[in-house]
Structure formats: structure tokens, C-alpha cells
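Q: I would like to see how this sequence folds:
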Amino acid sequence: MNKRILIIGGVAGGASVAARVRRIDASAEVIMFEKGPDVSFSNCSLPFYLSGIVDNSDKLIMMDPKRFKAQYDIEARVNSEVVKINRKEKSILVKNLLTDKEYEEDYDKLILSPGANAILPKSIEGITGANVFSVRNVVDIKKLNNYIVDNKIDDVAVVGGGFIGVEVAENLRLAGKNVSVIEALDQIMAPFDYDMAQILHKEMMDKGVTLILSDGVKKIEAGFVELQSGRKVAAGAVVMAIGVAPETSLAKAAGLEVGITGAIKVDHNYLTNDKDIYAVGDAIEVYNKLTHKPSRLALAGPAQRQARAVADHIYGIPHNNKGVIGSSVVQIFDLGAACTGLSEKAAKAAGIDCDFVYIIPGDKVSLMPKNNPMHFKLVYEYPTGKILGAQAIGKGNVDKRIDVIAAMITMEGTLEDLKELELCYAPLFGTAKDVVNYAALVGLNLLYGRFKQITVAKTRELVENNAYIIDVREKNEFANGHLTNAVNIPLSELRGRVDEIPRDQPVYLHCRSGQRSYNAVMALQNLGYDNVINMSGSYLGICCYEYYQDQITGREKIVTKYNFN
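A: The predicted model follows:
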């Protein structure tokens, strides 16, 4: 007898299950139900419609019901909401949203891929206004764009500084709008550590985005948003992007188990507590490979792998579920920002003893065109040296470096493994000792106690306490901007001026990116100094770290002039 497989929800999860089932079984009856008018669309590409990078909303739709039927013999029913699951009868109740008629469909296997809903706090006055939008599907993005165009909106507030919020803000800015990003946390892009996020803050500010951190929305009115601080921000339209909540109402009503994260609980094979019902995508709870705890992860890649695993399990094909690590990349104007695994703050929150490397090497050979610095942070477990995560920000190929680290994490790699990793090289693409190799070498030096470092976050405290800081850059570089209390002893003069360097107090050294100051630290240690400490991130990192706070608070600067190149 042919299997009857029903799928609730399309896009990355549901549509991928359907396609995989069809590749395995040509005779199965496969039906997808989608509440909206589009069963398969590129939700990750939605923000780019606002700037015209995607010039037609129809291009966002990847597959329509006719093509599903013609190419895959899969029936896709749009505008069809599943309102109830009858587990005992193994059937679902479906409502046709165009006719309001309800009908039942039986299943052998049922897959839930309902996704997640934008969080819209009822505590915010005006949250249901006609000028308030969220971005979840093609209908949403068209409504937002039409409202802005039809009402000639110039000022837009984006509430939330996560992936969707940042991409929406960027594309609206590219479209010439006055954009304010409002984030209740003290940084945008929560997967990144605070020190790395400062680089992104600077980029958004440089491109004309008004960045408001550590403040939340209290009220939304016609023409402005009032914040918890009392500040009013001009906004003819408001985009809510503070996060998503898994859509679990249907599952809960059917008695399916929900996990500790509030998402649908599934087993190794993405089965719910009903042996005939699976769940995939943004609505489920997943296993974090690094923290060994349940978590949620709203990413398309994992959803597609889950979908394949479900289809395989239905047909008895083994699947090895290794958990998730969370790899992602985003473009923010001229910068790429990528991350994988655990940040420093996430590792510490999970109770994992860790340390990190923050380096700023060039993304390719320095004499090549378009050579740029790449801010790279590598987090590793102490004392094992096991790689836990990484973050990369720059104009070069940040995704390449983070993909390498993601592979290393998946294979349980350590700093020693990363040091020996053989990667392709040509001057236009990278350096002979790639960014990731370099990070491993620095990490091993720290792990084995060959030198000591202090984080960029401690710089202001050092300056304000008049710590002894040596800037080992050349004199012309020093003249172009430096820490207010730094002593300039260029690396080229260091060995001839060691008598100037005190031995009875800590001595902190930095250069532009950390490489020359590391060499200076090692030279001084070889000359008998045991009180020398390298400043992680060096001058580039310090300037990025201090920039945002200096701009918004007007506090006393610890640098004479910012330098970001």
C-alpha cells in the first residue's frame, strides 16, 4: 500500500521533506499544506527586496503548486490552514482560507514544519497599528514595501538588532531611508561577542544608520516611537524584529511534548512523542553539540538537514544526528560578519572554561589590491585546546574562514589540528599562513603560557590608571593617532632602548594589529623581562571598541585619533 505523507508548512523544512520523500519513493502520496499563498520562497532573501537588490517580489518565490505537481508529483495546497491534529484517528482538519470550508485528510506519517512567529509584545502601546510590520514571508515584505512607497515614508525604525533587523535596516538605508535601529541589549548581533560587535556598530553609524542601544520601545505612535528612556525617534513605519517564537499551538493542542526551550521536543530522528508525527525547522528543539543542552536554531541549513533525516527515517535509512553548532554569515554594508560555534560569552554562560585569540591579520597578501584587515576571534576550551567557536569581520572572505572553523568543530578539532591544517593559497586569495592558522599559533602560545595577553576591554582602565603602555609602531604611525598615555618605542628601536622599559611594574605593549607587539613581547622576555603583556586587538581593535561609546556619551577619549585601517 502506498504511503500517505502529509506535511504542515513548506519553505526550507516542509518542502525539503517532500522532495526527499519523492526521490526515495515514486509512489507515495505527498501533500503539503501552507497557510499563506506561497509554499516555497527564499525567506533569507526577503530584506533585499526593500533595496531593489531583488527587483521583483515574484523572484522570491522559488516554487509554486503547479511546478511542484509537474516536476515532483507533490500536491501543494496553499491558503490552507491545518487547525487540528487528530492523533487517534491519524487525521488532520484543514480549513480552506479562501472558502472557509473545513475538511479532513488521513495520514500514515505527518510532518510539522510550522516555523516561528515574530514576537510582538502586547506591552508596547500601538503594537497593532497599521504602521507596524514584521518580516516573515513574501506577503509581509510586500506589505512593508508598499506602505513605505505609497505613504512616502522617509523615517523607519527597526526594533531589534539581530540578523533580520540588521538586514532590513541595511536595505532600507540603501533605499535612501532614514533608519534607526533600536536594540534593548548593549550590542547588535547577539551571537557575536561585545568586542567584535563594536566593529559592526561603527559600520552602521558610518553608513548613516542611527544606532540606539540599551533602550527599548514603550509606545508606537503615528510618526514616532517613544522609548523606555523617554527619547522619541522619528518613524513613519516600524519594523519589529526583536526575535521569533516557535509556532507550537497546533502541536500543544494535539498533546505533543514541548521541550524546556518552549519548542517542540523531538528525538534523534526528529520524531515527536507520537511515533507517526515528526517535526523540523524553527519550531523544534535541537541538541547543541558544544553545550550538550537543548536549544533553538532558526537557520535554513539545519532545517534542510533535518528534513532529509525525517524522510530517510520514514524509509528506514540510518541518520547520524551530531547536533548543531550554529554557523551564520551576514553582510552589513561593506563588511561581512560570520560566526560559528560558541562565542566567549556563550561558552562562559555554559560553564565551559575557555580562552580566546583576537587577531587582525590581512585577508590577503598586503601588496595585493583590496587587501584589508580581518578581525578574527577564536574561542577554545581550556586546558584541552578544543576549538569552540570563532567570529570573523572584514571586507574579505570571512565566510571561508568561519566555514573552516565550523568543519574543525564538527570533527572535534583542536588548536594543534588547526595549526597544521593545509589550506589553498595564492596572494589574491589569502596568505601562506592563513588567518585561521595564525589564530591557532597564537592560541597555542597562550595555552602553553609562552606569553600573556590582556583583552581590548581592559584598555580604558589601563589608560585611566596610567599603566605603562608601549606603542611599538613606527613614529609616523604613532603621530597619526595613539593612546593618550602611550610611550612610543618602535619595534625597530626596541633593542637599543630596553633601558627605558621598567622591570618593576607591568608593561603593556601594542602595535597596529598585535603582530609586532607580540614580537616585542617575545624579544623582551628573551632579555629577561617577566612583566610584559600583549594587548589583544592592538590599536585597530581599541579604536573599534571605543568608537561607539565615545560618539554617544561624549566621554573623555583615550585615543588622540581613531585609525581603522
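
Q: tell me the contacts of residue 229?
A: For residue 229, the contact set (CB atoms under 8 Å, 6 or more residues apart in numbering) comprises residue 215. All C-beta atoms are positioned from the backbone trio N, CA, C, and that covers glycine.

Q: What are the boundaries of the strands in the stretch 101-250 of the chain?
A: For the stretch 101-250 of the chain, the strands defined by DSSP state E, counting those that start in this stretch cover 102-106, 109-112, 116-118, 132-133, 155-159, 178-183, 210-213, 217-221, 223-227, 232-235, 237-240, 244-246.

Q: what's the answer for the stretch 351-500 of the chain, then?
A: Using DSSP E, counting those that start in this stretch, strands in the stretch 351-500 of the chain cover 354-359, 374-381, 387-394, 453-454, 468-471, 487-488.

Q: now, of these, which is deepest in the fold?
A: strand 387-394 (a mean of 28; mean count of other CB atoms under 10 Å).

Q: Return the residue of this structure that is most distant from the centre.
A: residue 499 (47.6 Å; CA atoms, centre = their mean).

Q: distance of it from residue 484?
A: 24 Å (CB to CB, to the nearest Å).

Q: Burial check on the closest residue to residue 53 other than its chain neighbours, number of neighbours?
A: Distances taken as CB to CB, 6 or more residues apart in numbering put residue 171 closest to residue 53, at 7.1 Å, once the chain neighbours are dropped. A count of nearby residues for residue 171, using other CB atoms under 10 Å, gives 22.

Q: Quick check: residue 171 vs residue 213, distance?
A: 21 Å.

Q: Residue 79 too?
A: As defined by CB to CB, residue 79 lies at a distance of 41 Å from residue 213.

Q: How about the nearest residue to residue 501 once chain neighbours are set aside: which residues does it bridge to?
A: Using CB to CB, 6+ apart and skipping residues adjacent in sequence, the residue nearest residue 501 is residue 507, 6.0 Å away. Bridge pairing for residue 507 (DSSP bridges) gives the partners residue 468, residue 532.

Q: Next one: residue 507, what pLDDT does it get?
A: At residue 507, the pLDDT value in this model is 98.

Q: Now do the contacts for it.
A: Taking CB under 8 Å, 6+ apart as the test, what residue 507 contacts is 468-470, 501, 524, 529, 531-533.

Q: wait, which of the residues you listed is closest to residue 251?
A: Distance to residue 251 across the contacts of residue 507 (CB to CB) is lowest for residue 533, with 53.5 Å.

Q: Just confirm residue 523 is within a strand.
A: No: applying DSSP: H, G, I helix; E, B strand; the rest coil, one finds residue 523 to be helix, outside a strand.

Q: OK, contacts around it?
A: Neighbours of residue 523 in contact, by CB under 8 Å, 6+ apart: 494-495.

Q: And for residue 380?
A: 354-357, 386-388, 414-415, 443, 447 are the contacts of residue 380 under CB under 8 Å, 6+ apart.

Q: okay if I get these as TSV plus pLDDT?
A: As requested, these are exported to TSV (pLDDT from 0 to 100):
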residue	pLDDT
354	97
355	96
356	96
357	96
386	98
387	98
388	98
414	98
415	98
443	97
447	97
